[in-house]
Structure formats: structure tokens, C-alpha cells
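Visitor: Everything below, folded, please.
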Amino acid sequence: MNLEEIAKKMVAKGKGILAADESTGTMGKRLQSVNVESTPENRLNFRETLFSSEGMKNFIGGVILFEETLKQKSTKGISIPDLIMQNGSIPGIKVDKGAKTLAGSPDEKITEGLDGLRERLSDYYKLGARFTKWRAVYSISEKFPSSQAIKSNAHALARYAALAQEAKMVPIVEPEILMDGSHDIDKCYKVTTDVLNECYNELEIHKVFLKGTILKPNMILPGSDCKNKSNSEEIAKKTIECLKKNVPSDVTGIAFLSGGQSEQEATRNLNEINKINDTNFLISFSYGRALQQSALKVWSKNTKDSKKVHSVFNHRAKMNGLSSKAEWSENLEKEFAA
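Guide: Predicted coordinates:
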């Protein structure tokens, strides 16, 4: 498959991306929250349970892995990338080395990981990865994000994307505006506009083939501490408007991150966005917590009961698959809960 075909398969109608690329530290915190020890075996056990589910076959087009998981073998002795491919999905890899303090603006972050990236990408390709992910993170306050943070992160994202395509892998470009703060929805719209504009300026300069990319943005949401909450209709309207104005139509797919949203909020908002999607973009999801959290809680009670874990994960994956086609409804959640 060429880059455009891979990108289309990752966000094919009714499918989205499972973000299972939590670092060892982040996954450790998740396991700790459900009283399970964070060992390589436990991390693999949970992820392999998800990767073996029916929900994977029917609703997941791509899986983002952490380097540890990319190199692991399943309990049946096959590599994790092969297990994912057997279930009809495409394996990918998070390649950045995390957000570090930005020199010159110590309250902001710059994502690192470009050093040695060309060589790492070559290794990841040999291990079976066919797409990659790099996350830049921006916080909103009266002063931030600064133009320095916007420009330096966009430049890094573009250099990464060019290297990924050189290595025959689809880059997921993830500029995340954090929900933290008391800003309103219009402030989020403005900052997202500035960030996306700078990202696509840099991607053009670096000659990145946009049809062979996926954008993983935040939805346009008010800050988590904002007193003026927005309903799903307003979130959808502003999100679509922002994408139409700032994302080139050549981009194949948009797979939203869930950020700080609950499982059902992320599903509901994606459904509303697709109801009014009048763009060329395939609009879907790239969720981590919003796909895994309920399954993780069930798994922690009995790590051997894969049937129950599958049931919970399959439901969440199906709900988001339906949302990517604007076919989700609240009643489907109530029926499952009953």
C-alpha cells in the first residue's frame, strides 16, 4: 500500500485509531489507578486482550504502539504488529521522546526526539510499523501559547513528518491544545487556528505529501474550568468551521484526540461533528483513555476474564465507529448498560 492508501485504511468509514502508546510511566499510573502492578507482562496482557477482540476487527483501522509493545511477542508467540495485522488493523508507533521545557519560555513545552529519528524509523519499519505519531502540546493562558512555542513545535512536527514519509510511513501530526484552564470556546478556536496555520505552513515548506498524512487535533472545546459550558452542537459547529478554514483539503483524514473528555462525551461530540461534516475529510477518532478506561477497570478485577473485557471494549469501539458515521445514539449506551 502507498501512503495515501494506508492513511485511508486507518480512518476508513466506521473505523478509527486506538491510541495504545502510553509510555511506561503513563501506563504505570493507569495500572496503579486500578491497583495492578505495572510490569512488562501486565502491560502486555492488557494490550493483547484488546488487540485480540472483535472490536479490533470491526472498528479499529490503526493502533498506535509504544516502542516496548512494538518489540513484544504475544502469548501465542507472534509479534504484536503481526497480531494487529491479523485482526485487520495497521500497526503504528509513537516516535517522539516527550514534551520538554522550552528554552526561553520555561512555562511552555517543546517536543523532542528528532536526533537519530531517521535510523529509528528504519528499525520501526522493519518491525512492522506502517505509520507514526508525534505530539506537540500547547497550553492556553493570558500569555500562552507564545509565538515561539507555536513556531518551534510546528517546525519539529514538519521535520518529523518529512522523515516519516521518507521511511515510507504515514505521519500522524498531533498538535494538542490542552483543555486545562478557564478559557472559553472562542479562545480555543483562536489558538487552534494559529497553531494549525503554522503547522501547515511548515509542512508545506518541508514538502510533506498531505494525502499521506493524518491530522490528530483537539476538538474546539472550552477549558475544563470554564464557567460557560458548551453543548455538543456548538462544539461540532466551531470544530468543523475551524477545520474548513485552517486544514488544507488534501489532508486525507482527521482523527480527533479525546483530551480530557469522558468516554461518552468524546463519542457524543464526534457524532455531532460527523452529522454536519460537509468536508472532504474522513473524520474519525484516535482515542486512548476514551476507548480503554472502562475495559481497564473490568480487566483489573480479573485479568484472565478476556470475555468480559472484550465485551466492554467492543461496545466502546462500536460506539465510536458509529459516531464516525454519525449513527450513534444515547439509547445504544443505555441498552448496553442495562
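Visitor: what about the residue nearest the centre of the chain, distance to Gly28?
Guide: The geometric centre of the chain, computed from its C-alpha atoms, lies nearest to Ser286 (CA atoms, centre = their mean), at 3.5 Å. Distance, Ser286 to Gly28, using CB to CB, to the nearest Å: 22 Å. C-beta coordinates here come from the backbone N, C-alpha and C atoms, glycine included.
Visitor: Any regions of the chain where pLDDT drops low?
Guide: 338 (pLDDT under 70).
Visitor: residues contacting the closest residue to Ser230 other than its chain neighbours?
Guide: The shortest distance from Ser230 to any non-neighbouring residue, by CB to CB, 6 or more residues apart in numbering, is to Ile185 (4.9 Å). Contact analysis of Ile185 by CB atoms under 8 Å, 6 or more residues apart in numbering lists Ile220, Leu221, Pro222, Cys226, Asn228, Ser230, Glu234, Ile235, Lys238.
Visitor: Could you provide those in TSV, with additional columns for neighbour count, distance to Val36 and secondary structure?
Guide: Below are these laid out as TSV (neighbours: other CB atoms under 10 Å; distance: CB to CB, whole Å; DSSP: H, G, I helix; E, B strand; the rest coil):
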residue	neighbour count	distance to Val36	secondary structure
Ile220	28	35	coil
Leu221	26	31	coil
Pro222	21	34	coil
Cys226	17	34	coil
Asn228	10	39	coil
Ser230	19	36	coil
Glu234	15	39	helix
Ile235	24	34	helix
Lys238	20	39	helix
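Visitor: Tabulate those in CSV, adding columns for distance to Arg47.
Guide: Shown next, in CSV, are the contacts of Ile185 (distance: CB to CB, whole Å):
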residue, distance to Arg47
Ile220, 31
Leu221, 28
Pro222, 33
Cys226, 34
Asn228, 39
Ser230, 34
Glu234, 36
Ile235, 30
Lys238, 34
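Visitor: nearest to Val195, of these?
Guide: Ile220 (11.8 Å; CB to CB).
Visitor: Contact partners for that closest one?
Guide: Ile185, Cys188, Tyr189, Thr192, Ile235, Lys238, Thr239, Cys242.
Visitor: in the helix or strand encompassing the second one, what's buried?
Guide: When secondary structure is defined by DSSP states H and E, Cys188 falls within helix 185-205. Neighbour counts over helix 185-205 (16 or more other CB atoms under 10 Å) mark 185, 187-189, 191-192, 194-196, 198-200, 202-203 as buried.
Visitor: Ok, stretch 322-331 next?
Guide: Leu322, Ser323, Ser324, Trp328.
Visitor: got it, and stretch 27-39?
Guide: Applying 16+ other CB under 10 Å to stretch 27-39 flags Met27, Gly28, Arg30, Leu31, Val36 as buried.
Visitor: Check stretch 274-292 too.
Guide: For stretch 274-292, by 16+ other CB under 10 Å, it's 274-275, 277, 281-292.
Visitor: Please enumerate the helices of this protein.
Guide: 3-10, 24-33, 40-51, 54-59, 67-70, 80-86, 117-127, 147-166, 185-205, 232-246, 263-275, 289-301, 306-323, 330-337 (DSSP state H).
Visitor: Quick one, which of those gets closest to Leu18.
Guide: Here helix 289-301 is closest among these (CB to CB), at 5.7 Å.
Visitor: other SSEs contacting that closest one?
Guide: strand 16-20, helix 24-33, helix 40-51, helix 263-275, helix 306-323 (3 or more CB pairs under 8 Å, 6 or more residues apart in numbering; DSSP states H and E).
Visitor: now do 10 Å
Guide: strand 16-20, helix 24-33, helix 40-51, helix 54-59, helix 263-275, helix 306-323 (3 or more CB pairs under 10 Å, 6 or more residues apart in numbering; DSSP states H and E).
Visitor: what comes up buried for the first one?
Guide: Applying a neighbour-count criterion of 16+ other CB under 10 Å, the buried positions in strand 16-20 are Gly16, Ile17, Leu18, Ala19, Ala20.
Visitor: And the contacts of Ile220, which is closest to Lys9?
Guide: Thr239 (23.9 Å).
Visitor: Next one: Glu273 from Ala7, what distance?
Guide: Just so we're on the same page, residue 273 is Ile rather than Glu. From Ile273 to Ala7 the distance is 19 Å (CB to CB).
Visitor: more crowded one of the two?
Guide: Applying other CB atoms under 10 Å to Ile273 and Ala7 shows that Ala7 carries more neighbours, namely 29 against 26.
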